[in-house]
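1. kindly return the folded structure for what I paste below:
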Amino acid sequence: MRTKLFAILSGLAMILLGSCGQKGNVKTDQGSENRIMQQEDGTVSLKVEKAACYSDATNPSNNTADWNVVISKPGRFKVWLSSATRDTSALSYTNSVKVNILDDHLEVNPEIDKIVQNSGDVPNSYFRADSYVGSFYVQEPGEYNIQVIREKVI
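-> Coordinates of the predicted model:
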């Protein structure tokens, strides 16, 4: 019944969360630091190991994964959260998950919309559970900061 959060942002983009593999600056494209580039098909895939992460020992529900994302094709982005779970009937989130970009905020208690078996994104003993959490509209190309706030960001 234990659920690990590892998220997916879609805009067709995805956010993958769990525990931070790296902290601080991360090189993700030719020499730029902590910058994620939008893919040709419009997706932006965010993985926690490429995020700058911040932990709050006093209030872990404020733990944050933070990415700098370069959007070259603006538009409406669907936001999906992927969780690694052993329980395929419920995710059992204690607190909500918050996703922020600019002044737009989504706050949800994710529910399972799709189960992915044998996903390479999660350990073999887990299933990937994808949850739709809403959408953001990005009006102009540019560099944006995206945050996911959840106590499972470690």
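
2. just checking, Y54 touches Q147?
-> No: distance between Y54 and Q147: 9.3 Å, which falls outside the contact criterion (C-beta atoms under 8 Å). Quick note: C-beta positions are derived from backbone N, CA and C, even for glycine.

3. got any residues that touch both of the two?
-> Overlap of the contact sets of Y54 and Q147 (by C-beta atoms under 8 Å, 6 or more residues apart in numbering) consists of T64, D66.

4. tell me where the protein has strands.
-> Assigned by DSSP state E, the chain shows strands spanning 3-5, 13-16, 27-29, 32-33, 35-37, 45-47, 52-54, 64-71, 75-85, 97-101, 104-108, 114-116, 127-138, 142-149.

5. just put the ones you listed in TSV and tack on mean pLDDT, mean neighbour count and distance to L91.
-> As requested, these are exported to TSV (pLDDT from 0 to 100; neighbours: other C-beta atoms under 10 Å; distance: least, C-beta to C-beta, whole Å):
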stretch	mean pLDDT	mean neighbour count	distance to L91
strand 3-5	41	21	5
strand 13-16	47	24	15
strand 27-29	40	13	28
strand 32-33	58	14	33
strand 35-37	93	19	25
strand 45-47	90	21	19
strand 52-54	88	18	21
strand 64-71	94	21	18
strand 75-85	91	22	6
strand 97-101	94	21	10
strand 104-108	94	15	11
strand 114-116	93	12	11
strand 127-138	93	19	6
strand 142-149	94	18	15
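
6. who are the contact partners of D66?
-> Listed by C-beta under 8 Å, 6+ apart, the contact set of D66 reads A51, A52, C53, Y54, N145, I146, Q147.

7. and the gap between it and N100?
-> Computed as C-beta to C-beta, to the nearest Å, the D66 to N100 distance reads 9 Å.

8. next, show the common contact partners of the two.
-> I146, Q147.

9. ok, K98 touching I149?
-> Yes: using C-beta under 8 Å, K98 is in contact with I149, at 4.1 Å.

10. what bridges to V99?
-> Beta-bridge pairing for V99 (DSSP bridges): L106, V148.

11. can you offset everything so residue one is 9?
-> Sure, I'll start counting at 9 from here, so that last one is V107.

12. give the contact list for it.
-> So V107 contacts 17, 23, 87, 89, 113-115, 141-142, 154-157 (C-beta under 8 Å, 6+ apart).
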